[in-house]
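**Student:** just a sequence and a predicted model for now, questions to come.
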Amino acid sequence: MATQLEAARRGDTNEVMQFVADTENISIETVQKELAAGRLVIPANKMHLAWNLKPKAIGRAAAIKVNANIGMSSVSSSLDDEVKKMKTAISYGADAVMDLSTGGDLDETRKRLISECEVPFGTVPIYEAIQGRDVDDITPAVIMEIIERQAKQGVDFFTIHAGLLREHLPLLESRVCGIVSRGGALMSKWMLSHNRQNIMYELFDDICAVMRDYDVCFSLGDGLRPGCGADATDEAQIAELRTLGELTQRSWENGCQVMVEGPGHVPFNQIEENMRIQDEICQGAPFYVLGPLVTDIAPGYDHITSAIGGTAAGYYGASFLCYVTPREHLGLPGDDDVRQGVMAARIAAHAADVARGFPGAADRDLAISKARANLEWDKQIDSSLDPVTARRMHEEAGKESRMSAEDVDYCTMCGRDWCSVRINREIRDTFFSREKSQ
């Protein structure tokens, strides 16, 4: 059975393509054309599709998507907690979920999460390879067994850290934060221990064969992504990106869908150039970015620093934003951190879609603006990205000020006499009606 990429290249369409065309409100011809060109991916493992997956399209022809990371660590959380986080993420609009678990029963965790996940589901196979063994003990057989098993379980996209090569390591000498990617650090340690090339790079065609069988999408990992603004767009980052461009081409040659991961921490003024370089080197393959975070000074608020960068990245070329929670750099996120991270990333994605003129993106803004101008509270709240929070805040404000249910033509910020929206309605009702009558 052909992958979505192979089917599109043959000029074929199918139910998956039709589903995303309908949900994205774009033509199936556009979906087929963009898939064939490698500019769009539909991470949809054949196993997951047979169970409960509702596919999503990732690429510039579609709306910008948001991913939420969850997963147990070796010192914190539980499977029930992670299921709850996943459901929270999806309920607040996450388009995909990645399980980054490094602790607990990884097989059981993955099975349970996938069984209850209707959106594309991703993993980082190297995380399982390190559980219960030293880096030195990772062999080609271990890697391939894990990738095959996870593909059979229905994982839709894999982060594969194959772009960080031995020859890139000397480029890290001048970095402030060095390697901040867990996968990148593990691969670097393995290369130094074995005095040989990256095992994922050496096995890449074999990995492609497994991923093609199940139509698992590559998410080529950036093991040398900058972990602080001072390291952004440096020689190491760009050297790895060039290898990722090579691997993008090899993925396509093997019939595999592929997207490319990107930074990280990037000052605002460097984001446009980062998106341009990636697009050029990786020939338009969808770009999946973490943030990027535009400043390093805001622990506890990095969902905001990443949303600022995410809007710019989305405007200049990224197709997939990985959320960052308020607890980034500080600890494993809780359920409310997940909610805040998803909402911040969704705001960034929507703002970028509006700015780039994506069809229909601004319709919701116009609807809420009209409701706000008419002081239609229910319509305003229902049109918002998070109606639950908006309604709670509005009701709390009214309760604290003891406003009656009839006081619907102003809010507690200005009060009735100073409410510009209410006054504006009076102006419209008197001045413009008078003008029409004359």
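**Tutor:** Sure, I can see it.
**Student:** show me what counts as buried in the helix ranked longest in the chain.
**Tutor:** Longest among the helix segments of the chain by residue count, using DSSP state H, is helix 335-355. Applying a neighbour-count criterion of 16 or more other Cβ atoms under 10 Å, the buried positions in helix 335-355 are 337-354. All C-beta spots, glycine's among them, are computed from the backbone N, C-alpha and C.
**Student:** same thing with stretch 16-32?
**Tutor:** 16-17, 19-21, 24, 26, 30-32.
**Student:** from those, which is closest to Gly104?
**Tutor:** Val16 (32.1 Å; Cβ to Cβ).
**Student:** quick one: pLDDT of the closest one?
**Tutor:** With respect to pLDDT, Val16 scores 98.
**Student:** re earlier: got the CA coordinates for the longest helix of the chain in PDB?
**Tutor:** Only the C-alpha atoms of helix 335-355 are listed here, as PDB (Å, rounded to 0.1, in the frame of the first residue of the first chain):
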ATOM      1  CA  ASP A 335      -2.300  20.000  33.500                       C
ATOM      2  CA  ASP A 336      -2.900  23.800  33.700                       C
ATOM      3  CA  ASP A 337       0.600  24.400  32.200                       C
ATOM      4  CA  VAL A 338      -0.500  22.300  29.300                       C
ATOM      5  CA  ARG A 339      -3.600  24.400  28.900                       C
ATOM      6  CA  GLN A 340      -1.700  27.600  28.900                       C
ATOM      7  CA  GLY A 341       0.900  26.300  26.500                       C
ATOM      8  CA  VAL A 342      -1.700  25.100  24.000                       C
ATOM      9  CA  MET A 343      -3.600  28.400  24.100                       C
ATOM     10  CA  ALA A 344      -0.500  30.500  23.700                       C
ATOM     11  CA  ALA A 345       0.600  28.500  20.700                       C
ATOM     12  CA  ARG A 346      -2.900  28.600  19.200                       C
ATOM     13  CA  ILE A 347      -3.000  32.300  19.500                       C
ATOM     14  CA  ALA A 348       0.400  32.600  17.800                       C
ATOM     15  CA  ALA A 349      -0.700  30.200  15.000                       C
ATOM     16  CA  HIS A 350      -3.900  32.100  14.400                       C
ATOM     17  CA  ALA A 351      -2.200  35.500  14.400                       C
ATOM     18  CA  ALA A 352       0.300  34.200  11.800                       C
ATOM     19  CA  ASP A 353      -2.500  32.800   9.700                       C
ATOM     20  CA  VAL A 354      -4.300  36.200   9.800                       C
ATOM     21  CA  ALA A 355      -1.100  38.000   8.900                       C
END
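**Student:** the stretch 151-300 of the chain: strands as residue ranges?
**Tutor:** Assigned by DSSP state E, counting those that start in this stretch, the stretch 151-300 of the chain shows strands spanning 157-160, 217-220, 258-262, 287-290.
**Student:** right, and those strands - which one's nearest Tyr323?
**Tutor:** Between the strands of the stretch 151-300 of the chain, strand 287-290 lies closest to Tyr323; by Cβ to Cβ that is 8.8 Å.
**Student:** okay, now the sheet partners of the closest one, with direction.
**Tutor:** strand 258-262 (parallel), strand 320-322 (parallel) (DSSP bridges).
**Student:** a markdown table for those, including mean pLDDT and distance to Ile271?
**Tutor:** Listed next are these as a markdown table, based on pLDDT from 0 to 100; distance: least, Cβ to Cβ, whole Å:
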| stretch | mean pLDDT | distance to Ile271 |
| --- | --- | --- |
| strand 258-262 | 98 | 10 |
| strand 320-322 | 98 | 12 |
